[in-house]
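Q: only the shape, not the letters, is given here:
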């Protein structure tokens, strides 16, 4: 379900009994959070500096917590940050610029709105009134409290002490979700037109001590997990190059378990259409203190290694493109 199809939750809200039309209600309700103007940022080289078909996405590194959100949450800001892919934009930003590629990042936190979900992947237990029939209320992510609007953070800690109005969901979708995906699609389409192919690197981090599930490779916790939807979201060449590069640097690398790639990887990866997408998960313990939420002394080394791995991928992809062009 695409948000652009015009679906708005409150249009099907049986509690919309205030007498105003849905459209007028929307116009007054969809003013963006003052702290999130704009809600996204694009770090990019100048047009003449674009020399690779890579695009980087950092959907979970946002760390601007709106005051209104903090007041409605039963948790403090430090606890809310436990769901944040802290500093991932800083880890991958140098890699993107060095490779002549843009990096799109969300400035809003994942706990407030998760763009790596379907637009209407919502938990009916969280909202006043009845969700419309097109909402996906039965996914495993919703069941775990981690839908488009999260119910929990950390070890199943409830964010809210009350139900949210449906209009609140619409507000976040219209002012945060839609701008992020519009910008991402624009970057992907521009890159595809310029290079004939596009490779999306969706950048994430994972807690070193998982709240359930196993994050092991041969009995040892992985440093990096590459998710390509079990080979369906990108060419195997892309996954192979990244695995080889990170392994050569001494990192323990896993594929697809337990992270095969979320909505972004699945939705935008279409290898037959020359659109490739891969998710990269970095173990937080190798670059940050997870208790204090601060970078470790080795942060710069991890960022440097990521830059080298992405540079190798950019080189291989460029050579691959040249071979394909010659074959045609």
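A: Perfect, thanks for sending it. All figures in this text were calculated on a predicted structure; none of them were measured in a lab. Numbering: from 1, shown residues only.
Q: where does this protein have low pLDDT?
A: Along the chain, the model assigns pLDDT under 70 to residues 1-30, 210-220, 321-328.
Q: please redo it, this time with the cut-off set to 90
A: Low-confidence segments of the chain (pLDDT under 90): 1-32, 46-50, 129, 132, 154-156, 209-221, 318-328.
Q: can you tell me the centre-most residue of it?
A: residue 59 (3.0 Å; CA atoms, centre = their mean).
Q: and that one, what does it touch?
A: Residue 59 sits next to 105-106, 110, 114-116, 180, 202, 204, 264 when contact means CB atoms under 8 Å, 6 or more residues apart in numbering. The way it works is simple: take the backbone N, C-alpha and C, and place the C-beta from them, glycine included.
Q: how close does it get to residue 192?
A: Look at residue 59 and residue 192: by CB to CB, to the nearest Å, they are 20 Å apart.
Q: swap in residue 276?
A: 10 Å.
Q: give me the more crowded residue out of these two.
A: Just comparing residue 276 and residue 192: by other CB atoms under 10 Å the higher neighbour count belongs to residue 276, 25 against 16.
Q: mind checking the SS state of the spatially closest residue to residue 49 that is not a sequence neighbour?
A: Of all residues not flanking residue 49 in the chain, residue 100 sits nearest, at 5.3 Å (CB to CB, 6 or more residues apart in numbering). Here residue 100 is recorded as coil under DSSP: H, G, I helix; E, B strand; the rest coil.
Q: ramachandran angles for the residue nearest to residue 154 when sequence neighbours are not counted?
A: In space, and not counting its chain neighbours, residue 154 is closest to residue 82: 4.1 Å by CB to CB, 6+ apart. For residue 82, the backbone dihedrals (degrees, to the nearest 10) come out as phi -70, psi -20.
Q: could you report the neighbour count for residue 82?
A: Around residue 82 there are 17 other residues, counting by other CB under 10 Å.
Q: residue 206 versus that one, what's the distance?
A: The value you get for residue 82 to residue 206, if CB to CB is used, is 12 Å.
Q: list the contacts of residue 253.
A: 217, 222-226, 242-243, 246-247.
Q: from those, which two are the most distant?
A: The largest separation in the contacts of residue 253, counting by CB to CB, is between 217 and 242 at 14.7 Å.
Q: neighbour count winner among the two?
A: residue 242 (25 against 16).
Q: buried set for the strand or helix carrying the more buried one?
A: In the assignment (DSSP states H and E), residue 242 maps to helix 236-248. Within helix 236-248, the residues that count as buried by 16 or more other CB atoms under 10 Å are 238-239, 241-243, 245-246.
Q: on the C-terminal side of that helix, identify the next helix or strand.
A: Remark: after helix 236-248, the chain's next helix or strand is strand 253-255, criterion DSSP H and E.
Q: SS state for the closest residue to residue 152 other than its chain neighbours?
A: Of all residues beyond its chain neighbours, the one nearest residue 152 is residue 145 (3.6 Å), with distances taken as CB to CB, 6+ apart. Assigned with three-state DSSP, residue 145 falls in the coil class.
Q: I figured residue 145 hits residue 157, correct?
A: No: contact between residue 145 and residue 157 fails when scored by CB atoms under 8 Å: they sit 9.3 Å apart.
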